[in-house]
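Enquirer: Sequence plus the predicted model coming up.
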Amino acid sequence: MESHTYFKVSKKIKENPIFEKSGANKTISIFVNLDKHNITQKVQTIVEDFRNNRISWIGNTAKAIIVTSSKLHAYLSIHSPYVKLLVT
């Protein structure tokens, strides 16, 4: 789901009294956060920033850790296509 679609749906939820606003927005937010493409982009950004900017601070000998908000996010991050490219 693209970000502009998220905002369109969020706006419709606000205008429609049938929906529970907080529950609907939370569900959409979880869906967007667990999207495979979004997770891959986040992992790539974190790893590339570490490789390009941080590793030299500690003498090129370090391990990186990616902190996630849940076990499901961690599992999806590990199995993202970007991480698979790094491992092989």
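Expert: The structure has been received and is ready for your questions. Numbering: from 1, shown residues only.
Enquirer: Relative to its centre, which residue of the chain is most distant?
Expert: Pro17 (30.1 Å; CA atoms, centre = their mean).
Enquirer: ok, and for stretch 69-88, which residues are buried?
Expert: Under the neighbour-count criterion of 16 or more other CB atoms under 10 Å, stretch 69-88 has His73, Leu76, Ser77, Ser80, Tyr82, Val83 buried. (C-beta placed from N, C-alpha, C; glycine too.)
Enquirer: again, but for stretch 32-49
Expert: Applying 16+ other CB under 10 Å to stretch 32-49 flags Asn33, Ile39, Thr40, Lys42, Val43, Gln44, Ile46 as buried.
Enquirer: can you list the weak-confidence ranges in the protein?
Expert: Under the criterion pLDDT under 70, the flagged ranges of the chain are 1-7, 10, 13, 19, 21, 62-64, 87-88.
Enquirer: Which segments of it make up each domain?
Expert: 1-33, 36-88 (automatic domain parsing).
Enquirer: Run through the helices of the chain in chain order.
Expert: 3-15, 21-33, 36-49, 71-78, 81-87 (DSSP state H).
Enquirer: Please identify which of those helices is closest to Ile65.
Expert: Shortest distance between Ile65 and the helices of the chain, using CB to CB, is found for helix 36-49: 9.5 Å.
Enquirer: Next, report how far that closest one is displaced from the centre of its chain.
Expert: Here helix 36-49 is found 7 Å from its chain centre; the criterion is CA atoms, centre = their mean, to the nearest Å.
Enquirer: quick one, it and helix 71-78 angle?
Expert: Interaxial angle, helix 36-49 versus helix 71-78 (axes from the mean of the first three to the mean of the last three CA atoms, to 10 degrees): 70 degrees.
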